[in-house]
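Return atomic coordinates for the entry below.
(one chain, ligands or ions: 1)
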Amino acid sequence: MIIDSLKYPPLRHNAPIKVLFVCLGNICRSPAAEGVLKSIVEENNATEKWVIDSAGTGNYHIGDLPDSRMRAHARRRGLELTHRCRQVHPCDFDEFDIIVPMDASNERNLRAMAPSPEDESKIIPMAKFFTLATRHDHVPDPYYEGAEGFELVLDLLQDGCQNLFDTLTAETLDKV
Ligand code: 4NP
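Predicted coordinates:
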């Protein structure tokens, strides 16, 4: 899915693409998104072209590793999630080109925090990048779910992060 707002992030040729994934707790969905995109970037030998991080709108788990269930499901797919939880901060709008909330609640909180309309235009929901899972318009919170919830998160993120990588790579190439 190519969306209009992807034409406008201030991406520059020869500058790294800086992406921040955001969820509520920063122990399940957003650190998984960070791990999935990092692995896609590594597979494509593009690590020097990307800065990838994650954060939470909440402050319940600051300093923690990702949830043990999320880490176990990710590990089965070859991903080691080593992020330490942190809370999103208005400064992140200076630091990152694209800020990617997992659901509508995260998106609302980010929009309220954005220091300016230009900063707000950096917010692009994860679901905008889905190509396969048209049934889902967000990444569902798996925290109170069983194994299927964690597997669904990883399936959605694999699809969305691949499209995010392809789309933003093409976007920067267009700017040569
Ligand atoms: P996340 O999941 O937003 O995907 O990291 C959650 C993790 C923890 C909580 C809620 C959601 N919590 O309420 O502690």
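
Quickly note the distance from the residue in the chain positioned nearest to the ligand to Arg76.
Distances between the chain and the ligand by Cβ to the nearest ligand atom are smallest at Gly25, namely 2.6 Å. No exception for glycine: its C-beta is placed from N, CA and C like everyone else's. Separation of Gly25 from Arg76 (Cβ to Cβ, to the nearest Å): 21 Å.

cool, and Gly160?
Distance from Gly160 to Arg76, by Cβ to Cβ: 19 Å.

one step back: let me know the pLDDT of the residue of the chain closest to the ligand.
Note for Gly25: predicted pLDDT of 98.

before we move on, what about the one 10 residues further on?
Looking at Gly35, its pLDDT stands at 98.

hmm, back to that, which SS class is the residue of the chain closest to the ligand?
Put simply, Gly25 is coil when judged by DSSP: H, G, I helix; E, B strand; the rest coil.

more crowded one of Gly160 and Arg76?
When Gly160 and Arg76 are compared for neighbours, Gly160 comes out ahead with 27 against 11, by other Cβ atoms under 10 Å.

Which helix or which strand is home to that one?
Assigned by DSSP states H and E, Gly160 belongs to helix 147-173.

got the buried residues for that helix?
149-150, 152-154, 156-165, 167-169, 171-172 (16 or more other Cβ atoms under 10 Å).

likewise stretch 126-146?
126-130, 136, 138-139, 141-143.

repeat for stretch 110-127
The neighbour-count check on stretch 110-127 (16+ other Cβ under 10 Å) flags 110, 113-114, 119, 122-127 as buried.

hmm, who's touching it?
3, 5-6, 8-9, 21-22, 33, 57, 88, 90, 93-94, 96-104, 107, 136-139, 156-157, 160 (Cβ atoms under 8 Å, 6 or more residues apart in numbering).

what's the span of it from first residue to last?
16 Å (Cα to Cα, to the nearest Å).

same deal with stretch 78-92?
For stretch 78-92, the end-to-end distance is 29 Å (Cα to Cα).

May I see the buried residues of it?
79, 81, 83, 85-86, 88, 92.

From the residues you listed, pick out the ones that also neighbour the ligand.
Applying Cβ under 6 Å from any ligand atom to the buried residues of stretch 78-92, one finds that nothing falls near the ligand.

out of those, which are inside helices?
Using DSSP state H, the subset of the buried residues of stretch 78-92 located in helices is Asp92.

Among the buried residues of stretch 78-92, pick out the one closest to Val51, please.
Asp92 (11.6 Å; Cβ to Cβ).

so the residue sitting nearest the centre point of the chain bridges to which residues?
Nearest residue to the geometric centre of the chain (Cα atoms, centre = their mean): Phe21, 3.0 Å. For Phe21, the beta-bridge partners under DSSP bridges are Ser54, Val100.

Name the surrounding residues that touch stretch 151-164.
So stretch 151-164 is contacted by 1, 19, 28-29, 32-33, 36-37, 40, 70, 73-74, 77, 100, 126-127, 129-133, 136, 139-140, 142 (Cβ under 8 Å, 6+ apart).
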